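**Q** what's the 3D shape of this:
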Amino acid sequence: MTPEQVAAASKPAVLALGEAYSRCPTTLRRARLLGISGWAFYITGRAGALGDVRAETVAAALGFIAPDAVADGWDAATRTVQPLEVAAASLAECCRWGEERLADVPHLDRLVELVERAVTAADASAMPLFAAWRAMPSLAATRGARLAAGLRLLREHFTGAHLVAVRASGMTPLEAVLAGPEGESGAIACGWPPPYPAVGPLVRRRLWAEAVTDRLVAPAFAALGPAGGAELVELLAATRAHTEG
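**A** Coordinates of the predicted model:
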């Protein structure tokens, strides 16, 4: 497989597995312990690695979430707790989830090795969230935790690359969400209020942006070689089936 093919084939599993911990009820309880809402925990848990920055900076880094919705979550959280503390709590929950749900996945040692090699080889240019998270001190003490943390990093890499590709296509983040599989319901979930622009003219640009995303992420997978990339795709598919079964 070429690196671009590995990127395209691995993307669905990486996106799903990299955020699965955030939907765990135990993770949501962590927000209550910090005294903030689930939305504030999600926004600040993702962007808190950037440190004490303004909501406008966070909105620019996240991209696909409406600025007003970002500000609601970020400002509510930062009135109560430091952003880096929320980020550390989010990472701790990711690692906990990995210990509980990924410790017995098939060929765990090999999958951890491949994921971490890809993370190390990834180019962080124009991807501030990925760069900030890769620089965060690791909290992973077990192989399951390391896999969860690595998948989260790869997810941020894909998301950051997609934001760059969307802007290069001439679309706005809102237009990209509308042209995606969730359409208007996805836009609502990301805090974008209607009315919305027509989707039809955007589909071709969306497909172009997806291809550019794969190209931008490909250097991370080139480090694995053709055989290693194909193995990664196979193991990720098995892992996703294991966690969703």
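**Q** only C-alpha atoms for contact and neighbour calcs from this point on.
**A** Fine.
**Q** count the residues that sit near residue 130.
**A** Using other C-alpha atoms under 10 Å, residue 130 has 29 other residues around it.
**Q** and it, what's its pLDDT?
**A** pLDDT for residue 130: 98.
**Q** now for it, which secondary structure element holds it?
**A** helix 128-134 (DSSP states H and E).
**Q** so what's the gap between that helix and the chain middle?
**A** Mean C-alpha position of helix 128-134 versus that of the full chain (C-alpha atoms, centre = their mean, to the nearest Å) differs by 11 Å.
**Q** in the helix or strand of the chain with the lowest mean pLDDT, what's buried?
**A** Averaged element by element with mean pLDDT, DSSP states H and E, the chain has its least confident helix or strand at helix 25-34 (a mean of 93). For helix 25-34, burial by neighbour count (16 or more other C-alpha atoms under 10 Å) applies to 27-28, 30-31.
**Q** restricting to C-alpha, output that helix in CSV.
**A** Once non-C-alpha atoms are left out, helix 25-34 reads as follows in CSV (Å, rounded to 0.1, in the frame of the first residue of the first chain):
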residue,chain,number,x,y,z
PRO,A,25,-19.6,7.8,31.1
THR,A,26,-16.6,7.7,33.4
THR,A,27,-14.9,10.4,31.3
LEU,A,28,-18.0,12.6,31.6
ARG,A,29,-18.0,12.2,35.3
ARG,A,30,-14.5,13.7,35.3
ALA,A,31,-16.0,16.9,34.0
ARG,A,32,-18.4,17.1,37.0
LEU,A,33,-15.5,16.5,39.4
LEU,A,34,-13.7,19.5,37.8
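**Q** can you list contacts of that helix?
**A** Counting contacts by C-alpha atoms under 8 Å, 6 or more residues apart in numbering, the residues outside helix 25-34 that touch it are 21-22, 37-38, 41, 81, 89-90, 93.
**Q** what about the helices in the chain?
**A** Per DSSP state H, the chain carries helices over the ranges 3-19, 25-34, 38-47, 55-62, 67-78, 83-101, 108-121, 128-134, 143-169, 173-179, 183-189, 203-222, 225-244.
**Q** can you redo those helices as a markdown table with distance to residue 196?
**A** Shown next, in a markdown table, are the helices of the chain (distance: least, C-alpha to C-alpha, whole Å):
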| stretch | distance to residue 196 |
| --- | --- |
| helix 3-19 | 25 |
| helix 25-34 | 31 |
| helix 38-47 | 23 |
| helix 55-62 | 19 |
| helix 67-78 | 16 |
| helix 83-101 | 32 |
| helix 108-121 | 36 |
| helix 128-134 | 28 |
| helix 143-169 | 17 |
| helix 173-179 | 8 |
| helix 183-189 | 8 |
| helix 203-222 | 15 |
| helix 225-244 | 33 |
